[in-house]
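>>> okay, sequence plus prediction incoming.
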Amino acid sequence: MSTKSPQASAIASISLAHLLNDWYMNLIQTLLPFLVAAGMGVGRGAFLISAFTTTSSILQPVFGYLVDRKNQRWMVYVGTLWMAVLLSMLGVTDNYALLFTLALLSGLGTAAFHPQASAMIGTVSGNKRGLFQAVFTASGNVGWALTPLMAVPVITTYGLTATPVFVVPGVLVAALLWFSAPKNRKGQTSQAVPMRPLLRANWRELLKIVLIVSSRSVTYFGFIAFLPLYLQERGITLMHSSRLLFLMLFTGAMGGVLGGHLSDKFGRKVVIVVSLLLAAPLCHLAIQADGAARDVLLGLAGISLMASFSVTVVLAQEVISKNAAMASGLTLGFGIGIGGLGVGAVGQIIESHGLGFAMHLLAWFPVVAGLLGVSLKRRELPAAQKA
């Protein structure tokens, strides 16, 4: 365990970039109600989300392995710019094949960004890896939370053809990263282990972590994509539902910081199991409640659902400590991607069984994740973290 002090400026710049990057990652989900209102079926819209998820998440371990072999600093700013440009074009065409292509290709940008950015955070966090990986993760979750709050008023006022204005923040953050992203120290060599023996030696524990992340992500992405539509069915306006979604995602971001801090004190496994087993009943109660009770329950559901978010990243990095970027790709990318692909299947369930049935189904997936967490190996925290 490193005893170096955290590098605050580097942590701040990478975390800001993560906020903006994940703001774009939630754009398709945020636009879904508008696309449905314009005549697109819920199922087809859900498959746009799955197309983006396929490249944005499932390819992350590959990019992560490249980062582990040799620092790829360019990935953070090129990836951000690539995604910003392509996603900002979503509103200017109603051709489904072109929309699908834009969604598929834009995901490459975030697949490049996340492993390199997460590995950078690990190198500048000193002896507070759990906490600052949680800060990095929370900044991304805040970005997810801000998307409906910022994008919905713009599209409501100016229509889908206004999406090209969304390219501006991406250009600005890409420029910031060009100048501020941490550089590899001269003479520093990779300690990465070749992929095949690494996976062969650790596949059982890594598989558990990926399945935990995937099960949690089915609920996370499903709520982001379909909660506004579900609330609309219950008579709540899209503007109001976007604020409720912000509440759930923002409290989730804060829950991620809390979970990271607690995992440094009490261990990764405890936080994963307890938070996920609490998340399922809270999600279930939240979608049944109304008024202030619904708002409180959504906030608590967000906290418990996301408390394990950064913890699973750090746990994977501890399992394969010399391949930190690949570990980030497996958790931030591949695991989330598998869960995100489930959104397409949920879209088909909605068309055949209705939104209410699908939302109640989504609410119980964290139970699966929590029970998988019970089988994780308990790892001793280093003395520097216990102090």
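Nice, I can see it.
>>> longest helix of the chain, counting residues only.
Assignment by DSSP state H gives helix 195-233 as the longest helix of the chain.
>>> show me which residues of it are buried.
For helix 195-233, a neighbour-count test (16 or more other C-beta atoms under 10 Å) marks 195, 198-199, 202, 205-206, 208-232 as buried. Bear in mind the C-beta positions are built from the backbone N, C-alpha and C, glycine included.
>>> so how far is it from its chain's centroid?
Once both centres are worked out by C-alpha atoms, centre = their mean, to the nearest Å, helix 195-233 turns out to sit 10 Å from its chain's centre.
>>> also stretch 305-313?
Worked out by C-alpha atoms, centre = their mean, stretch 305-313 lies 10 Å from the chain centre.
>>> what's in contact with it?
118, 130, 133-134, 136-138, 141, 209, 212-213, 216, 219-220, 252-253, 255-260, 262-263, 268, 271-272, 275-276, 279, 282-283, 327-328, 331-332, 335, 366, 369, 373 (C-beta atoms under 8 Å, 6 or more residues apart in numbering).
>>> state the next helix or strand along the chain beyond the helix or strand encompassing Val135.
Per DSSP states H and E, Val135 falls inside helix 129-158. Remark: after helix 129-158, the chain's next helix or strand is helix 167-180, criterion DSSP H and E.
>>> between helix 129-158 and that following helix, find me the angle.
150 degrees (axes from the mean of the first three to the mean of the last three C-alpha atoms, to 10 degrees).
>>> export helix 167-180 as PDB, just CAs?
The C-alpha coordinates for helix 167-180 follow below in PDB (Å, rounded to 0.1, in the frame of the first residue of the first chain):
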ATOM      1  CA  VAL A 167     -21.000  18.900 -28.200                       C
ATOM      2  CA  VAL A 168     -19.700  22.100 -26.500                       C
ATOM      3  CA  PRO A 169     -18.900  20.800 -23.000                       C
ATOM      4  CA  GLY A 170     -17.100  17.800 -24.500                       C
ATOM      5  CA  VAL A 171     -14.800  20.000 -26.600                       C
ATOM      6  CA  LEU A 172     -14.000  22.000 -23.500                       C
ATOM      7  CA  VAL A 173     -13.200  19.000 -21.300                       C
ATOM      8  CA  ALA A 174     -11.200  17.300 -24.000                       C
ATOM      9  CA  ALA A 175      -9.000  20.500 -24.100                       C
ATOM     10  CA  LEU A 176      -8.700  20.400 -20.300                       C
ATOM     11  CA  LEU A 177      -7.500  16.800 -20.400                       C
ATOM     12  CA  TRP A 178      -5.000  17.600 -23.200                       C
ATOM     13  CA  PHE A 179      -3.200  19.900 -20.800                       C
ATOM     14  CA  SER A 180      -3.900  18.400 -17.300                       C
END
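>>> so which elements touch that helix?
helix 8-25, helix 74-87 (3 or more C-beta pairs under 8 Å, 6 or more residues apart in numbering; DSSP states H and E).
>>> helices or strands up against the longest one?
Applying 3+ C-beta pairs under 8 Å, 6+ apart, we find helix 8-25 packed against helix 74-87, helix 96-124, helix 129-158, helix 167-180.
>>> so which elements touch the helix or strand that contains Ile272?
Assigned by DSSP H and E, Ile272 falls within helix 268-288. With contacts taken as 3+ C-beta pairs under 8 Å, 6+ apart, helix 268-288 sits against helix 195-233, helix 238-266, helix 291-306, helix 309-319, helix 355-363, helix 365-374.
>>> Val152 is nearest to which of those?
When those are compared by C-beta to C-beta, helix 238-266 sits nearest Val152, at 4.3 Å.
>>> now the angle from the closest one to helix 129-158?
Using the same axes, to 10 degrees: helix 238-266 against helix 129-158 is 180 degrees.
>>> doesn't Val271 make contact with Leu262?
Yes. Contact criterion C-beta atoms under 8 Å: Leu262 and Val271 qualify, at 5.3 Å.
>>> these two: who's more crowded?
Using other C-beta atoms under 10 Å as the criterion, Leu262 and Val271 rank with Val271 on top: 26 against 20.
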